[in-house]
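sequence and predicted structure below; questions after.
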Amino acid sequence: MSPAAAIDAGEAAAREDLRRLFRAAIDAVDPTKLIARALAGECAGGSEVPRLIADAPRIFLLAVGKAAAAMAREIERQVAGKLADAIAVVPNSESTGAAAPLAPGSKVRVYSGAHPIPDESSEAAAQAGCAMLRAATADDLVIVALSGGASAMFTMPAAGISLADKIAINQALLKAGASIRELNAVRKHLSAVKGGRLLNRCGGACVLGLILSDVPGNELATIGSGLTAFDGSTYGDAVTVLKRRNVWGRAPEAVREFLERAVAGESPETLKPDDPLLERVTNVIVGDNTLALGQVETAATAMGYHPRRWKEMNREANDVGRALAEHLCGTQGARVCVVAGGEPVVTVRGNGRGGRAQQSALAMSIELAKSCTGRRICALFAGTDGIDGPTDAAGAFASPTVVARGAA
């Protein structure tokens with residue numbers, strides 16, 4: 001390796017500190033710990049959780065998302081003999097086969113689901129989950145444990161819409177840089193389970209949503225496309241998103257026809273705030289990005305840094321990277337640690353794959369190379385779920401030296 005391509009000792013040390021801070025963020029949102037707290041009634045808005053579990057003669061569990069296995073494992077351990085049936089929908093990479101037990105002797109059956117683009121496994125998982133819920137009655141408790149990726153991993157198209165249609169729309173919106181709220185407004189209105197519709201399949205049971213939020217602001221209707229929450233968006237909003245993102249003209253004909261008929265009142269809307277089903281639903285946020293950021297600040301202080309919270313990262317990844325680079329270039333003081341979280345988006349052009357953390361890091365590095373050469377700045381952009389979009393990385397480092405090393 002040439003000298004120009006080497007990472008000097010100062011940057012290597014900074015990267016190790018960033019790895020330690022990232023591990024602190026991951027530990028803060030450890031699903032097992034968060035579920036244990038939630039079941040003990042220690043989460044905000046969750047004081048009724050212990051009573052709900054104690055009063056239920058039977059409990060059905062549906063866990064969906066990247067943290068589904070850990071969430072399901074802890075719930076099964078805590079509710080013990082009350083668990084009548086359970087399904088965990090995990091990322092494809094974690095599955096050993098449809099309906100395989102979570103562990104020897106476990107009642108939890110494991111299905112896989114694809115993310116960020118749904119596939120046949122996502123549809124099969126949704127069908128299995130809904131089939132299980134048909135056994136629930138008004139005396140039972142249904143626990144729905146959601147985490148990042150749930151929307152893509154649990155997919156059941158509305159009548160008249162094929163899985164291929166949903167996949168095409170999903171891919172087009174992702175590449176068009178649609179926000180998570182825009183993406184889910186469309187997903188919910190092309191689905192038979194999202195936008196609160198899953199509640200129609202729970203047999204009148206009480207429903208407890210235990211939600212590990214991957215959405216800034218913790219909007220229940222957006223996390224996992226709101227499987228257990230009311231939806232404030234409409235079919236008209238879904239059409240508006242597709243047109244705003246220049247996807248409407250390229251959408252499958254079946255999707256356009258379905259939405260046009262639905263806007264005209266031919267299909268029932270998603271669940272709205274006045275629906276009586278919501279009277280038997282308790283949704284609890286067990287953890288979120290704010291929790292992770294707070295732990296990073298605590299860890300940074302213990303490491304001798306001065307943490308400073310930056311604004312939420314919710315724009316195009318390129319803009320986020322450049323804006324944060326400008327902010328860091330203007331930051332004064334020794335051992336300052338700037339902390340920020342959010343959900344940037346990537347508009348994919350050409351044959352790119354996306355990956356908002358890596359894109360933000362690249363944009364920052366290019367900007368730092370232009371305006372902050374020689375400054376001691378190092379950053380890490382990464383996802384606490386270990387996955388950065390459709391890539392095999394959690395994220396990437398950024399610094400003023402990245403461009404020079406890439407050229408070397």
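All right, it came through fine.

would you map the helices across this structure?
9-28, 31-39, 49-55, 68-79, 120-133, 150-153, 163-175, 180-189, 235-244, 253-263, 289-302, 317-329, 356-371, 402-407 (DSSP state H).

helices or strands next to the third one in the packing?
Counting contacts by 3 or more Cβ pairs under 8 Å, 6 or more residues apart in numbering; DSSP states H and E, helix 49-55 is packed against helix 31-39, strand 141-146, strand 206-212, strand 281-287. Bear in mind the C-beta positions are built from the backbone N, C-alpha and C, glycine included.

any chance of these in JSON lines, plus mean pLDDT?
Formatted as JSON lines, the helices and strands packed on helix 49-55 follow (pLDDT from 0 to 100):
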{"stretch": "helix 31-39", "mean pLDDT": "97"}
{"stretch": "strand 141-146", "mean pLDDT": "98"}
{"stretch": "strand 206-212", "mean pLDDT": "98"}
{"stretch": "strand 281-287", "mean pLDDT": "97"}
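
any idea which of the ones you listed gets closest to Lys194?
When those are compared for distance to Lys194 using Cβ to Cβ, the nearest one is strand 141-146, at 11.4 Å.

which residues touch the closest one?
35, 52-53, 55-56, 58-65, 68, 71-72, 75, 79, 133, 136, 198, 202, 205-212, 223-224, 227-228 (Cβ atoms under 8 Å, 6 or more residues apart in numbering).

how about the nearest residue to Val345, chain neighbours excluded?
In this structure, Val345 finds its nearest non-sequential neighbour in Gly177, 4.7 Å apart by Cβ to Cβ, 6 or more residues apart in numbering.

what's the neighbour count on Asp274?
Asp274 has 7 neighbours, counted by other Cβ atoms under 10 Å.

and Arg73, how many neighbours?
19.

now it: how far from Ala323?
Arg73 is 40 Å from Ala323, where distance means Cβ to Cβ, to the nearest Å.

export the helices of the chain to TSV and tack on distance to Lys272?
Shown next, in TSV, are the helices of the chain (distance: least, Cβ to Cβ, whole Å):
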stretch	distance to Lys272
helix 9-28	35
helix 31-39	27
helix 49-55	24
helix 68-79	28
helix 120-133	21
helix 150-153	20
helix 163-175	23
helix 180-189	12
helix 235-244	13
helix 253-263	15
helix 289-302	28
helix 317-329	34
helix 356-371	32
helix 402-407	49
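
out of the ones you listed, deepest packed?
Sort the helices of the chain by mean neighbour count, taking mean count of other Cβ atoms under 10 Å, and helix 150-153 sits at the top with a mean of 28.

who are the packing partners of it?
Using 3+ Cβ pairs under 8 Å, 6+ apart, helix 150-153 sits against strand 83-91, strand 108-113, helix 120-133, helix 180-189.

straight-line length of stretch 206-217, end to end?
25 Å (Cα to Cα, to the nearest Å).

pull the number of nearby residues for the nearest residue to Ala68 once chain neighbours are set aside.
Take Ala68 and drop its neighbours on the chain: the residue closest to it by Cβ to Cβ, 6+ apart is Ala88, 4.5 Å away. Ala88 has 31 neighbours, counted by other Cβ under 10 Å.

so in terms of bridging, what pairs with Ala88?
Ala63, Val110 (DSSP bridges).

re earlier: could you tell me the least trusted of the helices and strands packed on helix 150-153?
In terms of average pLDDT, helix 180-189 trails the rest of the helices and strands packed on helix 150-153, at a mean of 90.

report the angle between that one and helix 235-244.
Using axes from the mean of the first three to the mean of the last three Cα atoms, to 10 degrees, the direction of helix 180-189 lies 130 degrees away from that of helix 235-244.

which other helices and strands does helix 180-189 contact?
Going by 3+ Cβ pairs under 8 Å, 6+ apart, helix 180-189 lies up against helix 150-153, helix 163-175, helix 235-244.

do that again at 10 Å, thanks
Counting contacts by 3 or more Cβ pairs under 10 Å, 6 or more residues apart in numbering; DSSP states H and E, helix 180-189 packs against helix 150-153, helix 163-175, helix 235-244, helix 253-263.

does Ser162 really touch Ala254, like I thought?
Yes. Applying Cβ atoms under 10 Å, one finds Ser162 in contact with Ala254, separated by 6.8 Å.

circling back: show the buried residues in the contacts of strand 141-146.
35, 52-53, 56, 58-65, 68, 71-72, 75, 79, 133, 136, 198, 202, 205-212, 223-224, 227-228 (16 or more other Cβ atoms under 10 Å).

ok, now how distant is Thr32 from Ile223?
19 Å.

just Arg15 next, same as before
Counting by Cβ to Cβ, the separation of Arg15 from Ile223 is 32 Å.

over to Ala398?
On the measure of Cβ to Cβ, Ala398 and Ile223 end up 28 Å apart.
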